[in-house]
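**Student:** Sharing a model that was predicted from the sequence below.
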Amino acid sequence: MATSPSSKPPAIRIEGLTKDFALTLRGLKLRAVDNLDLTVKENQVFGLLGPNGSGKSTTIKVILGLLEPTFGSCEIFGIPSNNVRSRMDVGYLPEAPYFYRYLNGEELVRFYGRICQVPKDRLEDRVAEVLEWVGLKDAARRRVGTYSKGMLQRVGLAQALVHDPRLILLDEPTAGVDPVGSAEISELILKLKDAGKTILLCSHLLAQVEGICDEIAILNRGRLVLEGDLKSLVSERHRNAVMVENLPAGLEKELGAWLEAKGARLVGIETPRTTLDRIFLEHIGYRKEQGSSRQVDENIARSDAGKPEAS
Ligand SMILES: Nc1ncnc2c1ncn2[C@@H]1O[C@H](COP(=O)(O)OP(=O)(O)O)[C@@H](O)[C@H]1O
Ligand SMILES: [Mg+2]
């Protein structure tokens, strides 16, 4: 691979990755990923998009070294994925996380912290810190078996972050999470980026991706169909929007004629729209600065108040 000794390797480099799954003993195969080249630069939020079955989760599993590629190769910060060392600095939230349900949230995150070799003297602070980040501070002593889908995603995020990894792979982090939870997870992802981390995010929630990703790649049937800088992909460079308040009725024609005289063309006048997401968040009183401090499932927490802790 063409990395000169002085240049820093990217967070992820995938070259010519193909992954086939054997479907029958007679040799029928399914090509889940087809000759994929992808580079994720350090300190970016990278969105890996695509419809169901397009090969996103398979790609993530190959990056992590959980699956062997059929052809091609993959590196994390310059270390091949089949080398265990490449995984030391990676946090992973699986698509459908399965956690031991009899542990409480705190115990579960502590357990992963130990596996990931968080130093003993830092472990307790670190567990408390990540549980606070993901908004589970108040539910930390509840058994994971009683968590809602959104809370399971949050505790999954907490375990992915407990060892302070440089690269974080999130496979559908907002699946089953309500809009407030999604907004908070987006904020958390941006916070991680500010702290210098690299995040690879798999999702089909395009509105969320659009708000936080620097670059995206779209897969379809295992093939890369589009890749690039998100801002340049979505901007219509030859067009400009001018926002006007209180435009007097009947002025449109005059405006159009004036613009035409200057060699431009008035394409249309429309009323700007907000998004349903924004309306929803405003109406339930969500403010950005609240961050992840929201108590999850507040109604449950209230009805629990005063009762002894379930063990
Ligand atoms: N272990 C497996 N055995 C056989 N086929 C699989 C396996 N894992 C995934 N696939 C198939 O590979 C394709 C890509 O799956 P996946 O990577 O999970 O897609 P995505 O995450 O984009 O929804 C799908 O057709 C899926 O059914
Ligand atoms: Mg998937």
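**Tutor:** That came through, no problem. Predicted model, so just to flag it, every value in this text is computed and none were measured. Ligands and ions are numbered 1, 2, ... in the order given.

**Student:** for this structure, what are the low-confidence residue spans?
**Tutor:** 1-6, 287-311 (pLDDT under 70).

**Student:** for ligand 2, what are the nearby residues on it?
**Tutor:** Within the chain, the positions near ligand 2 by C-beta under 5 Å from the ion are 56-57, 95. C-beta: built from backbone N, CA, C; applies to glycine.

**Student:** Among those, pick out the one closest to Arg221, please.
**Tutor:** Closest approach to Arg221 among these (C-beta to C-beta): Lys56, at 11.7 Å.

**Student:** Any idea how many residues pack against the closest residue to the closest one other than its chain neighbours?
**Tutor:** For Lys56, ignoring the flanking residues on the chain, the nearest one in space by C-beta to C-beta, 6 or more residues apart in numbering is Cys202 at 4.4 Å. Neighbour count for Cys202, taken as other C-beta atoms under 10 Å: 24.

**Student:** what do you get for Arg122?
**Tutor:** By other C-beta under 10 Å, 13 other residues sit near Arg122.

**Student:** and it, how far is that from ligand 1?
**Tutor:** 34 Å (C-beta to the nearest ligand atom, to the nearest Å).

**Student:** repeat for Arg26
**Tutor:** Plainly put, Arg26 is 15 Å away from ligand 1 if you go by C-beta to the nearest ligand atom.

**Student:** and that residue, how many residues sit next to it?
**Tutor:** Neighbour tally, Arg26, other C-beta under 10 Å: 6.

**Student:** three-state assignment of it?
**Tutor:** coil (DSSP: H, G, I helix; E, B strand; the rest coil).

**Student:** Just grab the bridge partners of the residue nearest to Lys56 for me.
**Tutor:** As for beta bridges, Cys202 partners with Leu48, Asp171 under DSSP bridges.

**Student:** Could you pull up the contacting residues of it?
**Tutor:** 47-49, 56-57, 60, 95, 169-172 (C-beta atoms under 8 Å, 6 or more residues apart in numbering).

**Student:** my read is Ile14 is in a strand, agree?
**Tutor:** Yes: counting by three-state DSSP, Ile14 is found in a strand.

**Student:** what's across from it in the sheet?
**Tutor:** With DSSP bridges as the rule, Ile14 is bridged to Leu38, Cys74.

**Student:** That one: neighbouring residues, count only.
**Tutor:** 23.

**Student:** I'd say it and Thr58 touch.
**Tutor:** No: using C-beta atoms under 8 Å, Ile14 makes no contact with Thr58, being 11.6 Å away.
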